[in-house]
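1. with the input below, show me the fold.
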Amino acid sequence: MPAAQISSMLIAGVGPGLGLAVARRFGREGHPVALLSRHPDRHGSYLASLRRDGITAIAVAADITRPDQLRAAVTTTTEQLGPIGAVYFGPGAADPTARPAPILQAAAVDVSAAVDTFARPAVDLTAMVLPGMLERRSGTLLYVAGLGAVVPLPDMGALAVASAALRTYALTVNAALAGTGVYAGALVIGGLVERGDIHRHAVAAVGPAVAAGLPTLDPDTIADTAWELSAGQHGAEATFNALGVDSVPA
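-> Numbers count the residues shown, from 1 in each chain. As a prediction, the model looks like this:
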């Protein structure tokens, strides 16, 4: 992205793994970064880490499933850091130790709740930031979906349905934005992201020896790809599959 077009970035769903890695990668390119999550107790360490790297950053506590709180976070970001030119949408699970009910046990209420948590806020956030991006003819929208969006993973239950909805939304927005100067894309994640909360809990549960064999992904590698998608605006998605599956057994 040309220097003249550098603007702020909103990380909607920051955690110690991928969210922070993306913030650092875009921050290195000059974007001041706003970190958004439900847990303000961890914001201090995130900000200190970014500022040690010379990155301008603020943090905002908000529940992205609440449109009023999301809009307030967008307003705060714009007021303190300037127009939002890039968005990373990757909310984490409220309880990283919880496992979803498998798809045959997932009720309609489970699917509705998953969509409300992981897909609907993406639409809300897009509506808040996209008009400004279109006016400036520059911007990036990155949405994180699980591998269940592209590979049938019955154990992911309702989360697979929500991931598929979010991925389809990202790809459709990408197509609609062709020629506008604004880019949208999906990061499809299949595996435990190192340094992330779910990875940390998994290591604690099985122990370091067993954890060495877990299917993990390097958040810095994913963040580099996120930047490349944004800067080049080529391709609508990137898939990271450490699970070694491309279909379910017959």
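2. tell me which residue is most central in the chain.
-> When C-alpha atoms, centre = their mean is applied to the chain, the residue found nearest the centroid is Gly90 (2.1 Å).
3. now that one: how far from Ala59?
-> Distance, Gly90 to Ala59, by C-beta to C-beta, to the nearest Å: 16 Å. Using the backbone N, CA and C atoms, a C-beta is placed for each residue, glycine as well.
4. how about Ser138?
-> Taken as C-beta to C-beta, the span from Ser138 to Ala59 is 25 Å.
5. thinking again about what came up before, give the contact list for the residue nearest to the centre of the chain.
-> 11-13, 18-19, 22, 142-144, 187 (C-beta atoms under 8 Å, 6 or more residues apart in numbering).
6. how about a cut-off of 10 Å?
-> 11-15, 17-19, 22, 118, 122, 142-145, 187, 189, 193, 226 (C-beta atoms under 10 Å, 6 or more residues apart in numbering).
7. in helices, which of those residues appear?
-> In helices, defined here by DSSP state H, the members of those are 18-19, 22, 118, 122, 226.
8. can you put those in a markdown table and add distance to Arg38, pLDDT and neighbour count?
-> Formatted as a markdown table, those follow (distance: C-beta to C-beta, whole Å; pLDDT from 0 to 100; neighbours: other C-beta atoms under 10 Å):
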| residue | distance to Arg38 | pLDDT | neighbour count |
| --- | --- | --- | --- |
| Leu18 | 16 | 95 | 29 |
| Gly19 | 12 | 95 | 26 |
| Val22 | 18 | 98 | 29 |
| Phe118 | 14 | 93 | 28 |
| Ala122 | 16 | 98 | 24 |
| Ala226 | 22 | 97 | 25 |
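9. quick one: the residue nearest to the centre of the chain from Arg120, how far?
-> For Gly90 relative to Arg120 (C-beta to C-beta), the value is 15 Å.
10. ditto for Pro16
-> Separation of Pro16 from Arg120 (C-beta to C-beta): 25 Å.
11. what's the answer for Arg66, then?
-> 11 Å.
12. those two: which is more packed in?
-> Arg120 (19 against 13; other C-beta atoms under 10 Å).
13. pLDDT wise, what is the spatially closest residue to the more buried one that is not a sequence neighbour at?
-> Excluding the flanking residues, the one nearest Arg120 by C-beta to C-beta, 6 or more residues apart in numbering is Thr65, at 7.5 Å. Per-residue pLDDT puts Thr65 at 94.
14. tell me the SS of Thr65?
-> coil (DSSP: H, G, I helix; E, B strand; the rest coil).
15. Ala127 contacts Pro67, doesn't it?
-> Yes. Using C-beta atoms under 10 Å, Ala127 is in contact with Pro67, at 9.4 Å.
16. for this structure, what spans make up the strands?
-> 8-12, 33-37, 57-61, 84-89, 139-146, 182-190, 192-193, 216-217, 237-241 (DSSP state E).
17. any chance of a markdown table for these, columns mean pLDDT?
-> Formatted as a markdown table, the strands of the chain follow (pLDDT from 0 to 100):
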| stretch | mean pLDDT |
| --- | --- |
| strand 8-12 | 97 |
| strand 33-37 | 96 |
| strand 57-61 | 97 |
| strand 84-89 | 98 |
| strand 139-146 | 97 |
| strand 182-190 | 97 |
| strand 192-193 | 88 |
| strand 216-217 | 90 |
| strand 237-241 | 96 |
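18. no further queries at this time; thank you.
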